[in-house]
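Peer 1: The sequence and its predicted three-dimensional model are supplied below.
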Amino acid sequence: MLTRLSGGHVVDPASGRDGVADIYVEDGLVVDPPSNGRAADETIDCTGLVVMAGAIDIHSHIAGGHVNTARLLLPEWHRAFQARPGETALSKVGWTTEETGLLYAEMGFTTVVEPAMAPSSALHAHLELADTPIIDKATLVVLGNDDMLMSMIREGESESAIADYVAWTVSASRALGVKCINAGGSAAFKENVRKFDFDDAVPDYGVSSRQIVKTLQKAVTSLGIPHPLHVHCNNLGVPGASSDSIEATIRAAEGDPLHLAHIQFYGYGTEGKRRFSSRGQALADLVNATPEVTVDIGQVMFGQTVTISSDELRQFAGSKQASPKKSIIFDHEANGGGVVPMNYKEKSYFNALQWAIGLELFLLIEDPSRVFFTTDHPNGAPFTTYPDIFALLMDRSVRARWLEALPKSVVKMTALPEIEREYTLGEIATMTRASPARLLGTPDRGHLGAGAVADVAVYRPGEDKAKMFGKAAYVLKDGDVVVKDGAVVKRKFGRALTLRPEPDKAMKTRLDRYFDDRYGLSARWFEVPDGALGRDEPFKVVPCRA
Amino acid sequence: MTVDTAWIDGRPATLEDALQAAAGLLDGSRLPFVGGLRTDVAGLRSALSLARRIGAVVDHRLSAAIYPFIVAARENGAFLAAPAEMRRRADRVVVMGDEAAEIGADVIRMLTDASPDLGIGTRGSERLFMTLGSKNAASPGSTASRHVDCASSEIVDVLGMVRAGMAGRRSGEGALGEETVATITSFLTDAGFCCIVFSPAEFGELGTEQIFGLVADLNETTRASTLPVLAAADAMGAALQATWTAGFPLRFAFGRGAGEHDAALNAGERQLSGAGEADLAILIDALDGAAPAEAKAAIPTIAITADPASAGAARIAFHVATAGRDYDGVLYEPRFGSFVAKAAQRNSELPSAAAILDALTEQLGERARDAA
Ligand SMILES: [Zn+2]
């Protein structure tokens, strides 16, 4: 069936299009306009509407053991969702797998990356993703606090042996990339270390955070994994130390690709009488001057949320500020982690400045293809706050209104009131479509050229950008209309995008023995078999680079 | 000759007739209950999906075994470990209470089988065990274990004294005397990494909160975590899956649409006893291994079971295969603290619980279409 989306304003930066055009869709793919004058079987009138590729979220904690623990810890959150829909940010969160898929789709998002899958939680994460409707998903597998990697570095094993280990982990866990979270920090915390810097060594291994990051960066590059190593730096949230850590990490990229996650949480200085200040400008300058790095923001928005992280050391420290006062800290194999509820208050100097720092970074980093749109859901805010963030980026007057409501002490400490930049629709499409697809190595999406998957988001433009992006006029997933006027009209299941590097046989044998001897576990338990997920086609394999 | 796979009122029936009869019962039900839930991830997915469709109350037969843990953790938080990590790292292990050694035998074996080999302060030392329980409490069988005699019912108070002592407060006379309390305290605080193994069901919500509180106190200065062991691993798996599916760890009602959680009103025992609102039950019992028999239901039941002999009084019964034994299944594995894929050990002609539940959902859909 040939479908024509007619007369819309197509914003497709990947192909340089920004004007009225028709888009044709057939058999789940975008196709060239028929040259033989063949009429479409179905026409969707997009006159006056904005047509983009489906949006891609590169970092959103939507599935897995820690996410599910957060659901367990905060039943009141779920209750709020049902009892008073639409009242607060808290009540609008997508909390179950079902709501996650539907709410993302209603905003025109069609691919979402769960960025922190522990190898031991891979099957659990994929089971949840398989239950998440409509959207395609992908995962990043977490390495960098695991005994195997740190031992291999300590013993001076070859780069190729380490790459074999990384390949096995990516392949077994069905990941699309590799994430490193406070490299060595969780392992150090298990040794009762309470603060861990980029050049500190993990006790007993003598291996520094820097060595771990550099080793993983090399392995990822040598395996041809398209997505650069995705780094969550040390000292998240610590005034002064956080910005020192991210600066050291960015400088350590040394010309090779590196992605820095949720950098807002690292833009903190120690100036001012509260010893908490913005280093947004300096951090943005450094990102601007370091072309090999990409970043996402982790924007904070006000309201109740919960932080979910495999940074066990920092989550333990953060548990002192838990609101409500309860948290769960995990001592698992490798990273462990923690779930800590957080209530970001508009009237709090600290929280309001966090909000401002995120926006400073969005607006001061010049190249929209190197900065990615995230709240680190749900850590900075639930993903359901995205429409408001689009409005803040695209409209100075919206920012001015929000700034009005903040404590005066905050307004003095941020450059935000002076920043005039407003994101254009093209820049929004670059940030949320074209460049995420490039960053993930998934050329089948993020654009509307012939051959792309027919994931399309159509918006009704208007002065109110939050309204525009909150409820898509139409969303197509693989060519099917799944959303109309902001509501899901067809429920189906997408797939998980995964790499499938061929694991080395000797490494597989070695790991079988390692998990059995050391942990008393079967290495098979770390594998995600296709048949376990109960969907016809649970995966779509993305090739590694040659 | 083929094996009977379905029964209506105790008489063999075709699968089709049994599905139609079950759908008929569901059509006539004001509020159905979907319980038992002893099945794999695929079976639970189908059961929860059917429950959503028919607006059912949902619970697992053995959720009482996990609720003290769930309630304590969500009220006040917790420190939780993976057994495999504790095997490599914990240099001191307290097996607390009388139930853990039995319920958590698999997990404890992971700790007795090996010595810690990670961590500067823990590696290379022999793992020390302390059992804190009554005389009958099984010891983990290690040479390096010591037993502190304490009635199960006294343990929570003793832990209160340990916590008070650690905070520099004096506490009143307790069951064990100051010296023994001091011995327990130093066992905990001198550890490189201390691990407490206990059964939350033995201590209840408040006792479990006390244990998590003690571990939180320890982590102010040293490192410690817990391994709560649960009598019903599959109930924990079902609770986790229910949580990502419906937002709550079982004991909820789908009612009209989204789940509503009430641990008391929606408890399976209450619904099956006839004291609840449900007037019809679908009970799923299709896992390997013995489980305590379900109390006889006071409301009509549809049984989906791997052991049809146990389904005597059911209005409708379906004979299904056992997940992870007769066909590949995904099950919760407490030694891993997560889900694992289990390969079939033999072939079976029987359908899976998921297949029957899906067929039932399909049947309801057809009836709705016919009625329209
Ligand atoms: Zn994150």
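Peer 2: Ah, there it is.
Peer 1: Now do the residue most central in space within chain A against residue A:177, distance only.
Peer 2: In chain A, the C-alpha nearest the mean C-alpha coordinate belongs to residue A:59, at 0.5 Å (CA atoms, centre = their mean). Distance from residue A:59 to residue A:177, counting by CB to CB, to the nearest Å: 11 Å. The way it works is simple: take the backbone N, C-alpha and C, and place the C-beta from them, glycine included.
Peer 1: Return every residue with contacts to both of these two.
Peer 2: Shared contacts of residue A:59 and residue A:177, defined by CB atoms under 8 Å, 6 or more residues apart in numbering or on different chains, comprise residue A:230.
Peer 1: List the residues that contact the residue nearest to the centre of chain A.
Peer 2: A:113, A:115, A:230, A:261, A:262, A:296, A:298, A:372, A:374, A:376, A:377 are the contacts of residue A:59 under CB under 8 Å, 6+ apart.
Peer 1: switch the cut-off to 7 Å
Peer 2: Residue A:59 makes contact with A:113, A:115, A:261, A:296, A:374, A:376 under the criterion CB atoms under 7 Å, 6 or more residues apart in numbering or on different chains.
Peer 1: was I right about the first one contacting residue A:55?
Peer 2: No. Residue A:113 sits out of contact with residue A:55 when judged by CB atoms under 7 Å, with a separation of 11.9 Å.
Peer 1: Which residue comes closest to residue A:285 once chain neighbours are left out?
Peer 2: Excluding the flanking residues, the one nearest residue A:285 by CB to CB, 6 or more residues apart in numbering or on different chains is residue A:364, at 7.8 Å.
Peer 1: Kindly report the same for residue A:343.
Peer 2: Residue A:343 sits nearest to residue A:323 (CB to CB, 6+ apart), 4.3 Å away.
Peer 1: for residue B:70, same thing?
Peer 2: Excluding its sequence neighbours, the residue lying closest to residue B:70 (CB to CB, 6+ apart) is residue B:249, at 5.3 Å.
Peer 1: what does the model give that neighbour for pLDDT?
Peer 2: Looking at residue B:249, its pLDDT is 94.
Peer 1: which parts of the stretch 251-372 of chain B sit against chain A?
Peer 2: Counting by CB under 7 Å from any CB of the partner chain, the residues of the stretch 251-372 of chain B lying close to chain A are B:258, B:261, B:328, B:330, B:336, B:338, B:339, B:340, B:341.
Peer 1: will you turn those residues into a markdown table that also has neighbour count, secondary structure and pLDDT?
Peer 2: A markdown table is the format used below for these (neighbours: other CB atoms under 10 Å in any protein chain shown; DSSP: H, G, I helix; E, B strand; the rest coil; pLDDT from 0 to 100):
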| residue | neighbour count | secondary structure | pLDDT |
| --- | --- | --- | --- |
| B:258 | 21 | coil | 65 |
| B:261 | 20 | strand | 86 |
| B:328 | 17 | coil | 95 |
| B:330 | 28 | strand | 97 |
| B:336 | 22 | coil | 96 |
| B:338 | 24 | strand | 97 |
| B:339 | 26 | strand | 98 |
| B:340 | 21 | strand | 97 |
| B:341 | 21 | strand | 96 |
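Peer 1: just these now: which is nearest residue A:310?
Peer 2: residue B:338 (14.3 Å; CB to CB).
Peer 1: could you pull out the helices for the stretch 351-500 of chain A?
Peer 2: Taking DSSP state H, counting those that start in this stretch, the helices of the stretch 351-500 of chain A run over residues A:386-394, A:396-404, A:408-411, A:425-429, A:435-440, A:465-470.
Peer 1: quick one, phi/psi of residue 260?
Peer 2: No chain was given, so I picked chain A. phi -100, psi 130 (degrees, to the nearest 10).
Peer 1: That was the other one, I meant chain B.
Peer 2: Per degrees, to the nearest 10, the backbone of residue B:260 is at phi -120, psi 130.
Peer 1: which residues touch the closest residue to it other than its chain neighbours?
Peer 2: Closest residue to residue B:260 apart from its sequence neighbours, by CB to CB, 6+ apart: residue B:253 at 5.3 Å. With contact taken as CB under 7 Å, 6+ apart, residue B:253 is in contact with B:57, B:260, B:266.
Peer 1: if we can go back for a sec, please work out how many residues are found near the residue nearest to residue A:285.
Peer 2: 20 (other CB atoms under 10 Å in any protein chain shown).
Peer 1: Assign the residue nearest to the centre of chain A to helix, strand or coil.
Peer 2: Classification of residue A:59 by DSSP: H, G, I helix; E, B strand; the rest coil places it in coil.
Peer 1: Quick check: the residue nearest to residue A:343 touching residue A:342?
Peer 2: Yes. Look at residue A:323 against residue A:342 with CB under 7 Å: they come within range, at 6.2 Å.
Peer 1: between the two, who's got more neighbours?
Peer 2: A direct count of neighbours by other CB under 10 Å for residue A:323 and residue A:342 places residue A:342 higher, at 22 against 14.
Peer 1: So what are the sheet partners of the helix or strand hosting the more buried one and their directions?
Peer 2: Assigned by DSSP states H and E, residue A:342 belongs to strand A:337-344. The strands beside strand A:337-344 in its sheet (DSSP bridges) come out as strand A:303-309 (antiparallel), strand A:328-331 (antiparallel).
Peer 1: In JSON lines: the ones you listed, plus mean neighbour count and distance to residue A:266.
Peer 2: Converted to JSON lines, the strands paired with strand A:337-344 look like this (neighbours: other CB atoms under 10 Å in any protein chain shown; distance: least, CB to CB, whole Å):
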{"stretch": "strand A:303-309", "mean neighbour count": "25", "distance to residue A:266": "14"}
{"stretch": "strand A:328-331", "mean neighbour count": "26", "distance to residue A:266": "22"}
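Peer 1: Quickly, which of those strands bottoms out on average pLDDT?
Peer 2: That would be strand A:303-309, which, of all the strands paired with strand A:337-344, carries the lowest mean pLDDT at a mean of 95.
Peer 1: Residues in contact with it: which ones?
Peer 2: A:61, A:66-67, A:70, A:74, A:88-90, A:315, A:318, A:337-344, A:378-379, A:381-382.
Peer 1: after it comes which helix or strand?
Peer 2: Counting by DSSP H and E, what follows strand A:303-309 is helix A:312-318.
Peer 1: which other helices and strands contact that following helix?
Peer 2: Contact analysis of helix A:312-318 by 3 or more CB pairs under 7 Å, 6 or more residues apart in numbering or on different chains; DSSP states H and E lists helix A:185-190, strand A:303-309, strand A:328-331, strand A:337-344 as its packing neighbours.
Peer 1: mind checking how far that helix is from the chain centre?
Peer 2: Put simply, helix A:312-318 sits 20 Å off its chain's centre (CA atoms, centre = their mean, to the nearest Å).
Peer 1: try stretch A:472-489
Peer 2: On CA atoms, centre = their mean, the centre of stretch A:472-489 falls 23 Å from the chain's centre.
Peer 1: Report the buried residues of it.
Peer 2: Of the residues in stretch A:472-489, those buried under the neighbour-count criterion (16 or more other CB atoms under 10 Å in any protein chain shown) are A:472-479, A:481-484, A:486, A:488.
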